[in-house]
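*Asks:* coords below, sequence missing:
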């Protein structure tokens, strides 16, 4: 074998190793700021990305449109949208016809569980991600929960995620057959909204595409006053950058 | 107050206490032998029963019809059917167009995970039950899994159920607010199919209404040779009673 052939062989081996090392991951993507940043982090970690969104009777479809655009822009292999209808159960302002609360005080926002809570939502979302992970032979699931700017949702806490991962490893073939363990990645869990935004900007996330508002108008323009808009605006302010999305009132 | 008035007052107090003690429970009901027995056990334990079935793209709708009939017959308050489409993920003979395996040997049945396994199925089912429990203010979920005549499904094992219950208590408002803990009841988990049948017969379950076959004909008649039919027939034989359903071949 000549030297140049040897070098080519070495290069090919390198290429093969790289390809084998690239693993699929399922990324839960709502189309909001947190999940778009989570997707960019999964990309930075060289995962082959399969994104998963839910049509759960949310009152505004713009989230799903944005999720599709963000998925495409960041190079996901596949974007799945699963229809789940939580409306028939009732119990949340995001899927019912109750009014979305606006202008709650900060103490209200940090304390009680808000009525925008959707029962067992993250548990249902993660369970579909688990099913998709098993079928696509992925061992990694990313979810953009954060426990810092904690808005009162019980299923965003680290102890919940740890318990979910343990259960998931007992639920699946991998858990029985002693194969590679499933891991739930929560790269934002210790970050403030401001740090999430800074991290996303470093990774080139276009936050103009993301949608966070609970109460947009017909054109998808954010209200600027719901809990989600307020948390987002506070984050941009603390990060020292302008939020590129338009608001009806701030 | 006269004596007779005193007695009536006492009786009323007793009636009120009994009413308050009656709790709602969510019962997962497929329309099969195990879940029908589980529902009868929840009834025996004086729960107000809310039954939950899934239209998950199973190839035969007879299961759902039977679930509705059994629900009504046993006096459930409500029967919910949730549409979930696992077919779009692929990965199972029960929802895909793959052939359902027949005439596997007993060693095959007790060992490997069968291709009739639906990825993360019980995890998804329990997650919807959890959402419904929260909205209906129920703290009890019944699921008819059994780990004895173990057919190789990882999400039927006791350690899985324990991990799920732990996660569920961290996922919900109850877990945060220190209210009553959610309990997942698995009354069949230590029972053989024969014992399940004997228990159900004591409770008056009409097994003629239940449907277990993976591969029924157009009229809903069971095949008698798929894994599920074979387990059922073996159970009836060991219980020393006749299975009231019709079979195409046994």
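*Replies:* Received the coordinates, thanks. A quick note: this is a predicted structure, and the numbers were derived from the prediction, not measured.
*Asks:* can you tell me which residues contact residue A:80?
*Replies:* If a contact means C-beta atoms under 8 Å, 6 or more residues apart in numbering or on different chains, then residue A:80 has A:50-53, A:132, B:88-89 as its contacts. (Each C-beta comes from the backbone N, C-alpha and C, glycine too.)
*Asks:* repeat for residue A:32
*Replies:* In this structure, residue A:32 makes contact with A:63, A:144, A:210-212, A:228, judged by C-beta under 8 Å, 6+ apart.
*Asks:* Which ones among these lie within strands?
*Replies:* Among these, no residue falls in strands (DSSP state E).
*Asks:* Those in helices, which ones?
*Replies:* The helices, defined by DSSP state H, take in A:63, A:228 from those.
*Asks:* Count the neighbours of residue A:56 for me.
*Replies:* Each residue near residue A:56 was counted by other C-beta atoms under 10 Å in any protein chain shown, and the total is 19.
*Asks:* Correction: the previous question concerned residue A:189.
*Replies:* Every residue meeting other C-beta under 10 Å relative to residue A:189 is counted, giving 16.
*Asks:* residue contacts, it?
*Replies:* Contact partners of residue A:189, counting by C-beta under 8 Å, 6+ apart, are A:145-148, A:158, A:161.
*Asks:* would you list the contacts of residue A:32 in CSV and tack on pLDDT, distance to residue A:46 and neighbour count?
*Replies:* What follows is these, written out as CSV (pLDDT from 0 to 100; distance: C-beta to C-beta, whole Å; neighbours: other C-beta atoms under 10 Å in any protein chain shown):
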residue, pLDDT, distance to residue A:46, neighbour count
A:63, 87, 27, 24
A:144, 96, 18, 25
A:210, 95, 23, 25
A:211, 93, 27, 23
A:212, 90, 28, 26
A:228, 86, 31, 21
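*Asks:* from the contacts of residue A:32, which is closest to residue B:246?
*Replies:* Nearest to residue B:246 among the contacts of residue A:32: residue A:63, at 49.7 Å, using C-beta to C-beta.
*Asks:* Assess the claim that that closest one and residue A:210 are in contact.
*Replies:* No. Using C-beta atoms under 8 Å, residue A:63 is not in contact with residue A:210; the gap is 9.4 Å.
*Asks:* quick one: least confident helix or strand in chain A?
*Replies:* Of all regular secondary-structure elements in chain A, judged by mean pLDDT, DSSP states H and E, the least confident is helix A:106-110 with a mean of 44.
*Asks:* tell me the mean pLDDT for the helix or strand just after that one?
*Replies:* Following the chain from helix A:106-110 toward its C-terminal end, the next helix or strand by DSSP states H and E is helix A:121-135. Helix A:121-135 shows an average pLDDT of 92 in the prediction.
*Asks:* now the spatially most central residue of chain A: how far from residue A:188?
*Replies:* For chain A, the residue lying nearest the average C-alpha position, counting by C-alpha atoms, centre = their mean, turns out to be residue A:35 (2.8 Å). According to C-beta to C-beta, to the nearest Å, residue A:35 stands 9 Å off from residue A:188.
*Asks:* which strands and helices sit next to the biggest strand by length in chain A?
*Replies:* Once chain A is assigned using DSSP E, the strand that runs over the most residues is strand A:48-55. Contacts of strand A:48-55 with other secondary structure elements, assessed using 3 or more C-beta pairs under 8 Å, 6 or more residues apart in numbering or on different chains; DSSP states H and E, are made with strand A:24-28, helix A:33-44, helix A:62-73, strand A:78-83, helix A:121-135.
*Asks:* What residues sit buried inside that strand?
*Replies:* Counting neighbours by 16 or more other C-beta atoms under 10 Å in any protein chain shown, one finds that the buried residues in strand A:48-55 are A:48-54.
*Asks:* same thing with stretch A:126-138?
*Replies:* With burial defined by 16+ other C-beta under 10 Å, the residues of stretch A:126-138 counted as buried are A:126-136, A:138.
*Asks:* which among those residues are in contact with chain B?
*Replies:* When C-beta under 8 Å from any C-beta of the partner chain is taken as the criterion, the members of these that contact chain B are A:127-128, A:130-132, A:134-135.
*Asks:* From the contacts of residue A:189, which land in helices?
*Replies:* A:158, A:161.
*Asks:* Looking at the contacts of residue A:189, spot the one nearest chain B.
*Replies:* residue A:161 (8.9 Å; C-beta to the nearest C-beta).
*Asks:* isn't that closest one right next to residue A:144, touching?
*Replies:* No. No contact is recorded between residue A:161 and residue A:144 when judged using C-beta under 8 Å, the distance being 11.6 Å.
*Asks:* Common neighbours of these two, please.
*Replies:* residue A:186.
*Asks:* Low-confidence bits of chain A, can you list those?
*Replies:* A:1-21, A:58-60, A:87, A:90-118, A:149-152, A:173-180, A:250 (pLDDT under 70).
*Asks:* hmm, try it at 90
*Replies:* Applying pLDDT under 90 to chain A picks out residues A:1-22, A:54-63, A:82-121, A:134-137, A:147-157, A:171-181, A:214-220, A:226-228, A:249-250.
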